[in-house]
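Peer 1: next come a sequence and a model predicted from it.
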Amino acid sequence: MPEPTLVTRFAPSPTGYLHRGHAFSALSAFCAAQAGGGRFILRIEDIDRTRCRPDYEAAIYEDLAWLGLEWEQPVRRQSEHMDDYGAALFNLAERGLVYRCFRTRREIAEAIESAPHGAMEAFFGASLAPDEEARRVEAGEAYAWRLSLAAAEHALGSFKGLIFQEDGHGPSGEHGLIKAAPMIGGDVVLARKDVGVAYHLAVVIDDARQGVTHVVRGEDLFQSAHVQRLLQALLDLPTPIYRHHPLLAGSDGKRFAKRDQAETLRKLRTSGMTPQALRGELGF
């Protein structure tokens, strides 16, 4: 049988302008696809409707085209596929693998401060009694759907068989076959009442739908692979190979980030930098 086609992706959120760190990640995925004779996909992760903006999305296309990247059409925009995520959440709910959590962010922060055996205790919860849950839902209280690790472990029998391949390196040098440890993330949020899906659930559905074989991304997302591997097992989805790369930092030693208003590709373009010069600076 022929070898499966290598498929990589770059999946930015249009919540700000791209910077050098994004360029490095996008080029890493793009060049991996080219080197392997595969396909490169661009995905727009725009589920956060309060922060995502059309002008940022337009800038993503402009910046990547300026860098010399080409991607398949049409581009998958998460906001257009909420039914896919809803179906997956319904699947998990029907099997008793998720529960409604009514704790606010402030309550969780307070629980972290008071947890006697470490902060992670605050990220494990339990279902409410059905009548209490129904009362709070009817009252219109906000809630999040959390994955129940206890129920997930019971459904699978054990987490021992959860393994993923790391072709890059995690933040502590992790490489090769990695035993997934979903417990490190606690009962993660998979959706909120006002937002139909959260990152972990959306990304495993998207990668499966788009046939992604290699996830190339920053090492800050290495821990995410642990819970994503669990979701792939629970939803009977394929597991891609992961390749996490180091994060770029500026001259001050701080990693590039949108919230720090890091020098953007948009600024570099208007200042006269050429895409060839930036690619060379980044090692491409």
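Peer 2: Nice, thanks for sending it over. What you are looking at is a predicted structure, and each value in this text was computed from that prediction instead of being measured.
Peer 1: quick one: contacts for E153?
Peer 2: F159 (C-beta atoms under 8 Å, 6 or more residues apart in numbering). In this view, the C-beta of every residue, glycine as well, is placed from N, C-alpha and C.
Peer 1: which parts of the helix or strand where it lies are buried?
Peer 2: Element membership of E153, judged by DSSP states H and E, is helix 149-156. Buried residues in helix 149-156, counting neighbours by 16 or more other C-beta atoms under 10 Å, are found at L149, A151, A152.
Peer 1: could you do stretch 154-163 as well?
Peer 2: Buried residues in stretch 154-163, counted by 16+ other C-beta under 10 Å: F159, L162.
Peer 1: how about the helices in the chain?
Peer 2: Here the chain has its helices, by DSSP state H, at 20-35, 54-67, 82-94, 105-114, 130-138, 149-156, 199-209, 224-234, 265-271, 275-281.
Peer 1: between these, which gets the lowest average pLDDT?
Peer 2: Lowest mean pLDDT of those: helix 105-114, a mean of 66.
Peer 1: circling back: adding distance to R106, write the buried residues of helix 149-156 out as JSON lines.
Peer 2: Below are the buried residues of helix 149-156 laid out as JSON lines (distance: C-beta to C-beta, whole Å):
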{"residue": "L149", "distance to R106": "23"}
{"residue": "A151", "distance to R106": "26"}
{"residue": "A152", "distance to R106": "27"}
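Peer 1: between those, which is closest to R100?
Peer 2: Distances from R100 to the buried residues of helix 149-156, taken as C-beta to C-beta, are shortest for A151 (13.5 Å).
Peer 1: for L69, see how far away that closest one is.
Peer 2: Going from A151 to L69 by C-beta to C-beta, to the nearest Å gives 41 Å.
Peer 1: do the same with V216
Peer 2: 13 Å.
Peer 1: what count of nearby residues applies to Q73?
Peer 2: Counted with other C-beta atoms under 10 Å, the neighbours of Q73 add up to 6.
Peer 1: ok, now A134?
Peer 2: A134: 11 neighbours (other C-beta under 10 Å).
Peer 1: residue contacts, the residue of the chain most remote from its centre?
Peer 2: Going by C-alpha atoms, centre = their mean, the residue of the chain most distant from its centre is D131, 34.2 Å out. Residues counted as contacts of D131 (C-beta under 8 Å, 6+ apart): none.
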